[in-house]
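Visitor: Got a sequence here, can you build the structure:
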Amino acid sequence: MVDPLISLTVLVVILIIAAFFFLPRYRNVDKRKKAKRNTIRVLIEDALKHFYDCEYKKLNCTLDSIAGNLSISGDDAAKLIARLESLGLIRSYENYYKLTYEGRSYALRVIRIHRLWEKYLADETGIQETDWHIKAELKEHILTSAEADKLAAELGNPLFDPHGDPIPSSSGELPYREGIPLNSLKQGEFAQIIHIEDEPPAVYAQLVAQRLYPGIHVRMIELSKERIVFEANGEECILAPVLASNITVSEIPAESRFIGKQKHQTLNSLQQGETGEVIGISKACRGQQRRRLMDLGVVPGSKITSEMKSISGDPIAFNIRGATIALRKQQAEQIFIKSLKEEEVLV
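Guide: Just a heads-up that it's a prediction; the model follows:
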């Protein structure tokens, strides 16, 4: 007769071995199911954003536009649309689709989180502006509405994101600001940039390279089918019309125009040994980078002297308030100064 204790021991060993081989598989299956659910939710939220964007731009949202925007096949797009309809988030018409009230509310919640996070990245971090959109697209699927409300409060409940896009309120209301495309201006007209489209990324990167951002004033110089020439930040900018159409401006009254008044030079223009007085810091310099400059004493009224440049010309050494600091050329270009004569430096 087999000893019951031996039988029990053998059974326990078998169960342990089985658990070793099979439980990880169950855990992996559970992880795969969870990942699949998350992927479906991300697709749904990205699709709702696309539907809203189409409506905002007064375009019809179609099966092809969904497939192209989400980079999925036509069959997958059709399945996604069917799912959205079954959830009551969209309604189909003859050749296009529109958001329902519930779908629009859901889309605005996602958009609110995205734009708040872009505002946070712009004002509170040193992350490059070309990366704001990409990082915000990840956060928009993670943060809850309650977390978004807390973030909004910490940021002072901003109305617009750093690109000039309106940030929906917690109740789904959008601030309104009227504008026109940059290439709609006539020669000689003045305007202020109020929005720069951040998609597609390649186009946005070219606009960033021109040091364009919401808030600066521009004056149209020349318009043609080949190019748009305008003045911004005291410099002449040249863009192809297709790029200029990604910039929205609003007209400004004559008394509010910066262009045409005295132009201030930038810090990097100082020659070795020359001194200037800080007038201000460009609005394009934000977040940690702006705070660092101010901590170093780069504030209006401070006197700053160019001491020497590296062999490559970047970085540049400056003396401010008796301390030597090194700034990259790109940073120095964002600091506005006025030159001082020798007798003014000694005052």
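Visitor: how near is residue 53 to residue 251?
Guide: Using Cβ to Cβ, to the nearest Å, residue 53 is found at 26 Å from residue 251. The C-beta positions use only the backbone N, C-alpha and C, and glycine is treated the same way.
Visitor: Name the residue in those two with the higher neighbour count.
Guide: The residue with more neighbours, out of residue 53 and residue 251, is residue 53; 16 against 12, by other Cβ atoms under 10 Å.
Visitor: Am I right that the more buried one sits in a helix?
Guide: Yes: using DSSP: H, G, I helix; E, B strand; the rest coil, the assignment for residue 53 is a helix.
Visitor: Now do it against residue 247, distance only.
Guide: In this structure, residue 53 and residue 247 are 18 Å apart, going by Cβ to Cβ.
Visitor: Could you do residue 143 as well?
Guide: 29 Å.
Visitor: doesn't residue 114 make contact with residue 148?
Guide: No: between residue 148 and residue 114 there is no contact under Cβ atoms under 8 Å: 9.6 Å.
Visitor: which of these two has more neighbours?
Guide: Between residue 148 and residue 114, counted using other Cβ under 10 Å, residue 114 has the larger neighbour count: 27 against 23.
Visitor: From what I see, the more buried one and residue 142 are in contact.
Guide: No: counting by Cβ under 8 Å, residue 114 stays clear of residue 142, with 11.1 Å between them.
Visitor: where along the stretch 1-150 of the chain do the strands fall?
Guide: 90-92, 97-99 (DSSP state E, counting those that start in this stretch).
Visitor: Check which helices and strands the first one sits against.
Guide: Packed against strand 90-92, as judged by 3 or more Cβ pairs under 8 Å, 6 or more residues apart in numbering; DSSP states H and E, are the following elements: helix 74-86, strand 97-99.
Visitor: what residues go with each domain of this structure?
Guide: 4-99, 110-175, 180-256, 265-345 (automatic domain parsing).
Visitor: TSV for those, including mean pLDDT?
Guide: Output for the domains of the chain, formatted as TSV (pLDDT from 0 to 100):
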stretch	mean pLDDT
domain 4-99	77
domain 110-175	93
domain 180-256	89
domain 265-345	80
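Visitor: For stretch 296-310, which outside residues touch it?
Guide: Residues external to stretch 296-310 that are found in contact with it (Cβ atoms under 8 Å, 6 or more residues apart in numbering): 267, 270-281, 316-321, 323-325, 335, 337, 340, 345.
Visitor: Just the buried residues out of those, in PyMOL syntax.
Guide: Remark: buried members of the contacts of stretch 296-310, expressed as a PyMOL selection using 16 or more other Cβ atoms under 10 Å:
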select buried, resi 267+270+275+276+277+278+279+281+316+318+320+325+335+337+340
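Visitor: out of the contacts of stretch 296-310, which are inside strands?
Guide: 275-281, 316-320, 323-325, 335, 337 (DSSP state E).
Visitor: In space, what's closest to residue 249 - neighbours in sequence excluded?
Guide: residue 191 (3.7 Å; Cβ to Cβ, 6 or more residues apart in numbering).
Visitor: Count residues in the vicinity of that neighbour, would you?
Guide: Neighbours around residue 191, by other Cβ under 10 Å: 24.
Visitor: so it bridges to which residues?
Guide: residue 218, residue 251 (DSSP bridges).
Visitor: and it, how far is that from residue 85?
Guide: 43 Å.
Visitor: Equivalent analysis for residue 129, please.
Guide: Distance of residue 129 to residue 85, computed by Cβ to Cβ: 37 Å.
Visitor: So which of those two has more stuff around it?
Guide: Per other Cβ under 10 Å, whichever of residue 129 and residue 85 has more neighbours is residue 129, with 21 against 15.
Visitor: I'd say that one and residue 123 touch.
Guide: No: in this structure residue 129 lies outside contact range of residue 123 using Cβ under 8 Å: 11.6 Å.
Visitor: tell me, what's touching the two both at once?
Guide: Contacts common to residue 129 and residue 123, judged by Cβ under 8 Å, 6+ apart, are residue 162.
Visitor: Tell me which stretches of this protein form helices.
Guide: Using DSSP state H, the helices found in the chain span residues 4-56, 63-70, 74-86, 101-124, 132-139, 145-154, 201-209, 241-244, 287-295, 329-332, 342-345.
Visitor: Right, I'll call it a day here.
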